[in-house]
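Asks: build the 3D model from these lines:
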Amino acid sequence: MHLSSISLLVPDYDEAIRWFVEVLGFELREDAPLGGGKRWVRVAAPGAQTALLIARATTDEQRAMVGRQGAGRVWLFLETDDFATSHARMLRQGVRFLEDPRHEPYGTVAVFQDPWGNRWDLVQASS
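Replies: Presented below is the predicted three-dimensional model:
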């Protein structure tokens, strides 16, 4: 078994696809209509086994949770083999980092925020 997807609430499918593909450099793995305006949309970092399932928020409760799925904490972790290059590319793409890179026992890390307010770690693990 493996974890295939993690659902991420967003306000709009196409906006999310653009951000993940054009800004973060993810691959669009699937985009299939399910009827009634609903779609099955999966994006993932190149070579990653686990994908994000982009879920458009449709109820008041879901819309209230957009950007808050981690309750204000970092809850998504984007690992890189080359922190400096990834960090510089993301800055050029306009990604909003909430802190300068720092070194922790587990690696080099910096917190960034997606357009909806979710907090992510960009991390390069210590070798």
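Asks: show me what counts as buried in the helix ranked longest in the chain.
Replies: The helix that spans the most residues within the chain, counting by DSSP state H, is helix 83-92. Using 16 or more other CB atoms under 10 Å as the test for burial, helix 83-92 gives 83, 86-87, 90. For every residue, glycine as well, the C-beta is placed using N, CA and C.
Asks: adding distance to residue 18, write the residues you listed out as JSON lines.
Replies: JSON lines is the format used below for those (distance: CB to CB, whole Å):
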{"residue": "83", "distance to residue 18": "25"}
{"residue": "86", "distance to residue 18": "19"}
{"residue": "87", "distance to residue 18": "21"}
{"residue": "90", "distance to residue 18": "15"}
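Asks: from the residues you listed, which single one is nearest residue 7?
Replies: Closest approach to residue 7 among the buried residues of helix 83-92 (CB to CB): residue 90, at 23.1 Å.
Asks: and that closest one, how far is that from residue 62?
Replies: Relative to residue 62, residue 90 is positioned 27 Å away (CB to CB, to the nearest Å).
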